[in-house]
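Enquirer: Give me the fold of what follows.
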Amino acid sequence: MLSLRTDDGQATVELVALLPLVGLLVALLWQALLAGETVWLSGGAARAAARAVAVGADPSAAARGVLPERLERGMRVERESDGAVTLVLRVPAALGAGTIAPVAARAHFEAQR
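Expert: Numbers count the residues shown, from 1 in each chain. Sure thing, here's the model as predicted:
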């Protein structure tokens, strides 16, 4: 006779119940990594754009030269009156093709003559 108190399959049921949570945690971790990468690269691109302004070159082209293609979409380079450059990038979404938030970085170099 079968007993209703058997534990057969208990681990399988628990694993299946936890898989969506594990998937969500992986997606959140991936999104955090994308955001961190965007912040890191925005600083480098802002410095490249500011150097370009200092020597009289195109700041947008300089910033695009340092960024991967996926971050170039939606990039804004704003020149300020004091010679500084503000670069705004959009953080790409980990799931899907959209973006989730803007990230701004500012850099300034003295004009070179």
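
Enquirer: buried sites along the helix or strand bottoming out on mean pLDDT in the chain?
Expert: Across the helices and strands of the chain, mean pLDDT, DSSP states H and E gives its lowest value to helix 69-72, namely a mean of 90. Neighbour counts over helix 69-72 (16 or more other C-beta atoms under 10 Å) mark residue 71 as buried. From N, CA and C alone the C-beta is placed, and that goes for glycine too.

Enquirer: Give the next helix or strand downstream of it.
Expert: Using DSSP states H and E, the helix or strand that follows helix 69-72 towards the C-terminus is strand 76-79.

Enquirer: my guess is residue 86 is in a helix, correct?
Expert: No. Applying DSSP: H, G, I helix; E, B strand; the rest coil, one finds residue 86 to be strand, outside a helix.

Enquirer: Check whether it really touches residue 106, as I assumed.
Expert: Yes. When contacts are counted by C-beta atoms under 8 Å, residue 86 is listed as touching residue 106 (4.8 Å).

Enquirer: Return the least confident helix or strand of the chain as PDB; C-alpha atoms alone will do.
Expert: Extracted in PDB, the C-alpha atoms of helix 69-72 (Å, rounded to 0.1, in the frame of the first residue of the first chain):
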ATOM      1  CA  GLU A  69      27.900  50.700 -30.800                       C
ATOM      2  CA  ARG A  70      25.100  49.600 -28.400                       C
ATOM      3  CA  LEU A  71      25.700  52.700 -26.300                       C
ATOM      4  CA  GLU A  72      26.000  55.200 -29.200                       C
END
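
Enquirer: circling back to that earlier point, shared neighbours of residue 86 and residue 106, anything?
Expert: Residues within reach of residue 86 and of residue 106 at once, by C-beta atoms under 8 Å, 6 or more residues apart in numbering, are residue 46.

Enquirer: helices or strands next to the least confident helix or strand of the chain in the packing?
Expert: In terms of contact count using 3 or more C-beta pairs under 8 Å, 6 or more residues apart in numbering; DSSP states H and E, helix 69-72 is assigned the packing partners strand 85-92.

Enquirer: who are the neighbours of the strand it packs on, in terms of helices and strands?
Expert: helix 10-55, helix 69-72, strand 76-79, strand 99-107.
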